[in-house]
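Student: Need coordinates for the below:
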Amino acid sequence: MALTVFILRLAVLILVLPLYLLNFLGLWSWICKKCFPYFLVRFSEMYNKRMASKKRELFSNLRDFAGPSGKLSLLELGCGTGANFKFYPPGCMVTCVDPNPNFEKFLIKSIAENRHLQFERFVVAAGENMHQVADNSMDAVVCTLVLCSVESQERILQEVCRVLRPGGAFYFMEHVAAEHSTWNYFWQQVLDPTWYLLFDGCNLTRESWKALEKASFSQLKLQHIQAPLTWELVRPHIYGYAVK
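Tutor: Next up is the predicted model:
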């Protein structure tokens, strides 16, 4: 099986050789950072239509984690274009973190369309190092379709625990690896290296639930589902929340 995966990976590499050459020359990352936000606008619109009921269910108890003042301070990690904004409760104070500064203009548009929120600031930073965000300063942290592309899930979750106040919650919705005995997992393995380049560091084969189970949360509520998406490769999902 491993040999078959290797041969098919090699065949895919040959088919998209110009992409790998651009990456070798150091040009692809720059192109991807510039272009990926435009792709994500379209993808997020489709994703929200198909996953709206799950997102509403996921964020239905966000208000329960508001601080003593009654205000909810929320940090969205890997905010992208602000596709989650419409699911947040009115009055929510939102801080956005993303390593790609090219998302800012799309965020401004999303903020204008979601006047029920109080936007705090946009921080250009990787989730593994959010030193601009104070310890124990957030009631909730949200992360959707992000753990698939971060450098270190363990360090991300350590940072999440650092910025969350005691009793705060971490919300997640992520595509993950399929069951190992399935054809879907076989093709995830074959296409993973090329997918990683095409979609700005996204991995198809991450078992993100394992990192969540190992993190230092006091509670973890996690569900596995097959998302109603067109692309079979990203249908396996986990979603839920964890309490610090």
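Student: and residue 91, what element?
Tutor: In the assignment (DSSP states H and E), residue 91 maps to no helix and no strand.
Student: tell me the contacts of it?
Tutor: Residues in contact with residue 91 (Cβ atoms under 8 Å, 6 or more residues apart in numbering) are 71, 72, 116, 117, 118. For every residue, glycine as well, the C-beta is placed using N, CA and C.
Student: and with 7 Å instead?
Tutor: 71, 118 (Cβ atoms under 7 Å, 6 or more residues apart in numbering).
Student: Could you report the distance from it to residue 181?
Tutor: Separation of residue 91 from residue 181 (Cβ to Cβ, to the nearest Å) stands at 47 Å.
Student: again with residue 216
Tutor: From residue 216 to residue 181 the distance is 32 Å (Cβ to Cβ).
Student: And for residue 166?
Tutor: For residue 166, the distance to residue 181 - Cβ to Cβ - is 41 Å.
Student: Please list all residues in contact with the residue nearest to the spatial centre of the chain.
Tutor: Among the residues of the chain, the one closest to the centroid is residue 146, at 1.9 Å (Cα atoms, centre = their mean). Each residue near residue 146 by Cβ under 7 Å, 6+ apart is listed here: 77, 78.
Student: please redo it, this time with the cut-off set to 8 Å
Tutor: Residues near residue 146 by Cβ under 8 Å, 6+ apart: 77, 78, 127, 174.
Student: can you put those in JSON lines and add pLDDT, secondary structure and neighbour count?
Tutor: Converted to JSON lines, these look like this (pLDDT from 0 to 100; DSSP: H, G, I helix; E, B strand; the rest coil; neighbours: other Cβ atoms under 10 Å):
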{"residue": "77", "pLDDT": "95", "secondary structure": "strand", "neighbour count": "28"}
{"residue": "78", "pLDDT": "92", "secondary structure": "coil", "neighbour count": "22"}
{"residue": "127", "pLDDT": "87", "secondary structure": "coil", "neighbour count": "25"}
{"residue": "174", "pLDDT": "98", "secondary structure": "strand", "neighbour count": "21"}
